[in-house]
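In: Provided below are the primary sequence and the corresponding predicted coordinates.
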Amino acid sequence: MSRTHVTCEVNGDAVDFLTEDGESLLNALRDELGLIGAKEGCGTGDCGACSVIMDGRLQCACLIFAPEADGASITTCEGLASADELHPLQQCFLEGAALQCGICTPGFLIAAKALLDENPDPTETEVRYALAGNLCRCTGYDKIVRSVLEAAVQIRTPA
Amino acid sequence: MSTTEAPADTGTNGNGASGYRWVGTRPVRHDGLDKVAGKARYAADLNLPGMLYGHILRSPHPHARIVSIDTSAAEAMPGVKAVVTGADFPEAPPKGATRNLMCTVIARDTVLYSGHAVAAVAASTRREAKAAAEAIEVTYELLPHVLNISDAMADDAPVLHDNLFTRGVEPRPTEPSNIAARTVYERGDVEQGFAEADIVIEREFSTQAVHQGYIEPHACVVDCDQEGKAVIWASSQGHFMVRSSTATVLGWDTSRIKVIPAEIGGGFGGKTTIYIEPVAALLSTKAGRPVKIVMSREDVFRATGPAPGAIIKMKVGARNDGTITTAKAWLAYENGAFQGIAAMLGCMCVVSAYTLDHLYVEGFDVVLNRPVNVAYRAPSAPAAAFAMDSVVDEIAERVGMDPIDLRLHNCPSQGDPTPYGPKWPMIGLRECLEAIRDSDHYQSDLPAGQGRGVATGFWFNIGEASSATVNLNENGTATVITGSPDIGGSRASMALMAAEELGIDPHSIQPVVGDTEVVGFTDVTEGSRATFATGMAVVEACRDLKEQLRKRAAKTWDCDVEEVEWVDGSAVHGPGEQEPLTLAAITGNAKRTGGPLGATASLNARGAGPAFSVQVADVSVDQETGRVTVERYTTAQDAGTAIHPSYVEGQMQGGVVQGIGWALNEEYIYSDDGNLENPGFLDYRIPVASDLPMIETCIVEVPNPSHPYGVRGVGEVGIVPPLPVMANAIADATGVRIGDLPLSPPRVLAALTAAES
């Protein structure tokens, strides 16, 4: 089985790994790099649990072949916090009780970050449409939407 | 990270928890940081050295006899370390729950649904395992199949089990059929009731099978050693259940198996059973290596869950003053390939929100060639409520009464008989009805062009067995170990109850879900029971500890223990001759006063408090497409006492949205050849954020007298009312009543078109 050498940047670190052709970026992140934050909920791009930001774009890592990541810059859920501080989205999700089982949470955080990177002052409707590619079966989305709106306020007006 | 005070503006709040220091507050959950940081470990996140990947081959046919299985080609393929078929498992008994479990895990001589597990492979990589599984040659002899209730109940239906004779029919039939059981509840004389009624409404309803739709597919890692011991890491709603069920399927002693609970990525009842653990265990035993099995989403849809579809015929009689006197109900529920109790539960729930003089409820549990039913939040109640509360809505319309006033007029109270026998204990249905009646939402004018619907929901809630161990650490903190997997924030609830008892900050308490070897037996997290029953065990252990702490203080002060009180986390000397001793002071000195402090409680919780919910929605209906938009939604639910109001709201909101999905979109669609046509989230469409408004919550607190803090349990009942709420709101908006779910755009459009012509 031939394996491809992939070099990329993940959460600011230069990394490289070997991968089988046809393997997904999701499996490479999880199995080769040990980054388990991105989850496989469907494997077909329908649930968003594997969301990552790749070269500035929100992507489902399960739909990207690992070799396609060569030379790319990727942000996963593990890259959101700094050493001593959570990202405002993470903090607002905690305080807003925006997670129950938590399996979808990394994907929602990444999708929300992708939204706020482009639109720092979204309406509720804009948040709802930006997160429509991420499935949550526990919360009914109410507390997720509220937490994203609250994080947007905090990011726009740092303490 | 220690937001321990309730935020001021969090909307609704627990309103009955006054006098408590910690119960009713909203601390950040203890397991939250790992979950937002991507560190929380679910079963699929574990990799062990030398681990193999398992892949299960599934039947492409809904009903067939397995003539032969040839695994030789698969065994010769690269990377393959083990292959198993049904022949490798112990023989199943001829009938009963054990057979159903064993034959669901892997088919023996017959496959009973498309997706039924037939064989499995363990190999070095996922792809090798999949390729080898597909190389297994299974020869099937196709048998006729049945996919819906009417066909399965027909006299000439192909029979799934030749030893299934209907229970509940006298004399018991001598011919096998697909009708597993008949259930009847009756009171009074329904014919007299209908004769005396001013209004009699008779309608027929149908609902479709739906999946729990947890985002995490079933996953496990199993490591069996040469001494026959197995360690299982699994995502489940009960690791003691995983242990006992795996032992049953394999014919092993339970002491050979240790189950370590992984974080669970949603369950909703769907993870109260097992599918893959025994398969992984046998593969691991054969290969001498750890084996991981992760289901694909397609397999989750084809082979696990679902909640059943149902057909329900209702006939209800009422007087012109709005008094509902009489109900006759005929219910038939799908069971899937093996018999269950879906219809029996439906019979118990169908009229529970109403007092009735005359009642006749008859239910049929029906097997057919679909995957076996598994619990889904208040199992069977949503379809039953859909039928009854749709008819009740029509009665309100006919007699010209407000639908909430009508329900208040017919509302049972403590001491009234339940439809299924016992008397109601203290319940909060009336309070929920009043909460919705008085809500901003219900008091607001309905926007032009929209329709408004209300409905009620009931669920029993249960107690069952729970264990907890509370250890006090030398610095005055505590570790609370329970056996209840946390599927919605229960660890935070356990910490809050322990904090209230011990008088220390909940963030000084570490709540842990212990594996099967570190904590006492605990039943599955189901029936809304974790905070109720496991919470009782935590409180009992903490009360034991408080006695121990008082004794330690008495020993330190050389006084009688009766002179010591436990107040706000400190031992206080009644006569006032000593400075109070904090919990930390006592634990820090514990070695000198008798040793470390810990307590364990195990109990079988009695007195689960029945749950009710009342909900209201405003909808608009697109006349050109039939699409229904939920414009506003409010839910009231009796929590007993809300231990952590944010997660009570979360359960309420989550249940509502699952119910909305069931009402408007979700359904299993089978082709005539018995294959599921929508086994993925693209075609099985669960609600997404852009489909919904905020879900306004109103926590009602009528304390359950059987629980030290009044807890009822909140996990399930929220899913019950949305089905009739949506139907009633659509009827109000369009004037058209639809009795068949889902109320998807094509069905609504067809109904609107038919009504026009």
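Out: Right, received. Where do you want to start? It should be emphasised that the depicted structure is a prediction, and the values quoted were computed from it without experimental measurement.
In: where are the low-confidence patches of the chain?
Out: Since you didn't name a chain, this refers to chain A. Residue ranges of chain A with pLDDT under 70: A:1.
In: I was after chain B.
Out: Looking at chain B by pLDDT under 70, you get B:1-18.
In: and the chain, what are its domains?
Out: Just going to use chain A. Domain segmentation of chain A under automatic domain parsing yields A:3-79, A:88-156.
In: that's the wrong chain, I meant chain B
Out: By the record's domain assignment, chain B is partitioned as B:380-461+B:609-756, B:464-605 (automatic domain parsing).
In: I'd like the ones you listed laid out as JSON lines, including distance to residue B:105 and mean neighbour count.
Out: Heads up, the C-betas are built off the backbone N, CA and C, glycines and all. Output for the domains of chain B, formatted as JSON lines (distance: least, C-beta to C-beta, whole Å; neighbours: other C-beta atoms under 10 Å in any protein chain shown):
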{"stretch": "domain B:380-461+B:609-756", "distance to residue B:105": "19", "mean neighbour count": "22"}
{"stretch": "domain B:464-605", "distance to residue B:105": "17", "mean neighbour count": "21"}
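In: nearest to chain A, out of those?
Out: Closest to chain A of those, according to C-beta to the nearest C-beta: domain B:380-461+B:609-756, at 3.5 Å.
In: need the winner for burial among the domains of chain A.
Out: Neighbour counts (mean count of other C-beta atoms under 10 Å in any protein chain shown) averaged over each of these peak at domain A:88-156, with a mean of 23.
In: in the stretch 251-400 of chain B, which spans are helices?
Out: With DSSP state H, counting those that start in this stretch as the criterion, the stretch 251-400 of chain B has helices at B:277-287, B:297-303, B:342-349, B:381-399.
In: can you add distance to chain A and give those helices back as CSV?
Out: Formatted as CSV, the helices of the stretch 251-400 of chain B follow (distance: least, C-beta to the nearest C-beta, whole Å):
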stretch, distance to chain A
helix B:277-287, 18
helix B:297-303, 4
helix B:342-349, 21
helix B:381-399, 16
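In: contacts for stretch B:237-245 next, please.
Out: Contacts to stretch B:237-245, defined as C-beta atoms under 8 Å, 6 or more residues apart in numbering or on different chains, come from residues B:101, B:232, B:234, B:236, B:254, B:257-261, B:264, B:267, B:269, B:271-274, B:277-278, B:483-485, B:487, B:515-516, B:521-526.
In: now the helices for the stretch 1-150 of chain B?
Out: Going by DSSP H, counting those that start in this stretch, the stretch 1-150 of chain B shows helices at B:32-36, B:72-75, B:97-105, B:126-134, B:149-153.
In: what about the strands in chain A?
Out: Ranges of strands in chain A, per DSSP state E, are A:3-10, A:13-20, A:51-54, A:57-60, A:73-75.
In: so which of those strands gets nearest chain B?
Out: Closest approach to chain B among the strands of chain A (C-beta to the nearest C-beta): strand A:13-20, 7.6 Å.
In: tell me which residue is most central in chain A.
Out: Nearest to the mean C-alpha position of chain A, counting by C-alpha atoms, centre = their mean, stands residue A:110 at 3.0 Å.
In: what's near enough to touch it?
Out: So residue A:110 contacts A:51, A:52, A:53, A:58, A:75, A:76, A:77, A:80 (C-beta under 8 Å, 6+ apart).
In: quick check: residue B:273 touching residue B:100?
Out: No. Using C-beta atoms under 8 Å, residue B:273 is not in contact with residue B:100; the gap is 9.7 Å.
In: for chain B, longest strand please?
Out: strand B:324-336.
In: how about the helices in chain A?
Out: A:25-27, A:88-95, A:105-118, A:124-130, A:142-156 (DSSP state H).
In: format the ones you listed as a markdown table; extra columns: distance to residue B:493.
Out: Converted to a markdown table, the helices of chain A look like this (distance: least, C-beta to C-beta, whole Å):
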| stretch | distance to residue B:493 |
| --- | --- |
| helix A:25-27 | 33 |
| helix A:88-95 | 16 |
| helix A:105-118 | 19 |
| helix A:124-130 | 29 |
| helix A:142-156 | 17 |
